[in-house]
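**Student:** sharing a sequence plus its predicted fold:
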Amino acid sequence: MAHSTSQPSGMPRRNFIQQTLAFSAILGVSESLFAQSKMKTQLPFEKIECEGAYAGHLQGVCADDDAKIYWSFTTKLVKTNSDGKILRQVEVPTHHGDLCYHDGKVYVATNLGKFNQPAGQADSWVYVYDAASLDLLVKHPVQEAVHGAGGMEYHDGRFFVVGGLPADIEVNYVYEYDPEFKFLKRHVIPSGQTYLGIQTAAFHDGQWWFGCYGTPQELLRTTADFQEPKRFPYFASYGIVPLSPGKFLIGRGKNESAGQIGWLVPATSDPEAGMKDAS
């Protein structure tokens, strides 16, 4: 965006500089707010049903900048358009979990071992797929996720992996990696025990949102540095897709005679309830 900085005729230089600095500050704030308010994806804010039925239940959902949707059904990775019509699908090893999109690739948190056990029994990886073809490109070990990698998100130039948790641990863990999956740090969320850890992860509106199992299932929300956890009785453990400020698409699923099916429902953030399904 181009901005004129020509000094008006007759204006003292000091006044001109002061007004220019003030204008630049205001403009910087407005541009920052505009950047934050942009849609993260062009998906419609409405229910979207994924075509087909699958052997495993829905583990996570993400979307790219062109409104293509990627659904992880434990042993099958599915790409659809914004109407949920299948464009491509591939068989994948169990257990493929929650996933994220970044720069033309789909990243899936994958555990080839056991979940929710003491360290040494998981086998945690991130499988990377070409978003256009769903061809497998590379596998990155993330063995620091010692209770099983089950979900992930890309934020601010880094990847964050979440996953399983033994029943006797009263905190949750988030494992941070650089773009080449060099391990950087383990973050501790003082959340208390959540059943089987964290299933899904998304960063939106300056906060982290985590879907957890339980009865009822729970939504966990934290600050950007994983503190001040709040727990809400809301179902978000099958996928969280951020849209515009305050708006999401949330994964849901169930078992039918033909197999597991999945869909997305529109939801809004709520200060008291965490999230609410949109009416």
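**Tutor:** Structure received.
**Student:** contact partners for residue 53?
**Tutor:** Listed by CB atoms under 8 Å, 6 or more residues apart in numbering, the contact set of residue 53 reads 256, 258, 259, 260, 261. Yep, even glycine has a C-beta here, placed from its N, CA and C like the rest.
**Student:** for the record, mean pLDDT for stretch 213-229?
**Tutor:** Regarding stretch 213-229, the rounded mean pLDDT is 97.
**Student:** can you list the buried residues in that stretch?
**Tutor:** 217, 218, 219, 220, 221, 222, 226, 229 (16 or more other CB atoms under 10 Å).
**Student:** what is the most widely separated pair among the residues you listed?
**Tutor:** 217 and 226 (20.4 Å; CB to CB).
**Student:** residue ranges with poor pLDDT in the stretch 1-150 of the chain?
**Tutor:** In the predicted model, the stretch 1-150 of the chain carries pLDDT under 70 at residues 1-39.
**Student:** how far does stretch 63-76 stretch from one end to the other?
**Tutor:** 16 Å (CA to CA, to the nearest Å).
**Student:** now the most centrally placed residue in the chain, nearest residue through space, not along the chain?
**Tutor:** In the chain, the centroid-proximal residue (CA atoms, centre = their mean) is residue 202; its distance is 2.9 Å. Excluding its sequence neighbours, the residue lying closest to residue 202 (CB to CB, 6 or more residues apart in numbering) is residue 240, at 3.9 Å.
**Student:** report the contact partners of the one you found.
**Tutor:** So residue 240 contacts 61, 200, 201, 202, 204, 209, 211, 248, 250, 251 (CB under 8 Å, 6+ apart).
**Student:** make CSV from those and add secondary structure and distance to residue 46 to it.
**Tutor:** Supplementary listing: the contacts of residue 240 in CSV, determined by DSSP: H, G, I helix; E, B strand; the rest coil; distance: CB to CB, whole Å:
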residue, secondary structure, distance to residue 46
61, strand, 15
200, strand, 20
201, strand, 24
202, strand, 19
204, strand, 18
209, strand, 20
211, strand, 20
248, strand, 12
250, strand, 12
251, strand, 14
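**Student:** picking up where we left off before, reformat the buried residues of stretch 213-229 as JSON lines; add distance to residue 180.
**Tutor:** Below are the buried residues of stretch 213-229 laid out as JSON lines (distance: CB to CB, whole Å):
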{"residue": "217", "distance to residue 180": "34"}
{"residue": "218", "distance to residue 180": "33"}
{"residue": "219", "distance to residue 180": "31"}
{"residue": "220", "distance to residue 180": "28"}
{"residue": "221", "distance to residue 180": "30"}
{"residue": "222", "distance to residue 180": "26"}
{"residue": "226", "distance to residue 180": "22"}
{"residue": "229", "distance to residue 180": "30"}
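**Student:** residue contacts, residue 222?
**Tutor:** With contacts defined as CB under 8 Å, 6+ apart, the neighbours of residue 222 are 189, 191, 207, 208, 210, 228, 229, 230.
**Student:** distance of it relative to residue 77?
**Tutor:** Using CB to CB, to the nearest Å, residue 222 is found at 28 Å from residue 77.
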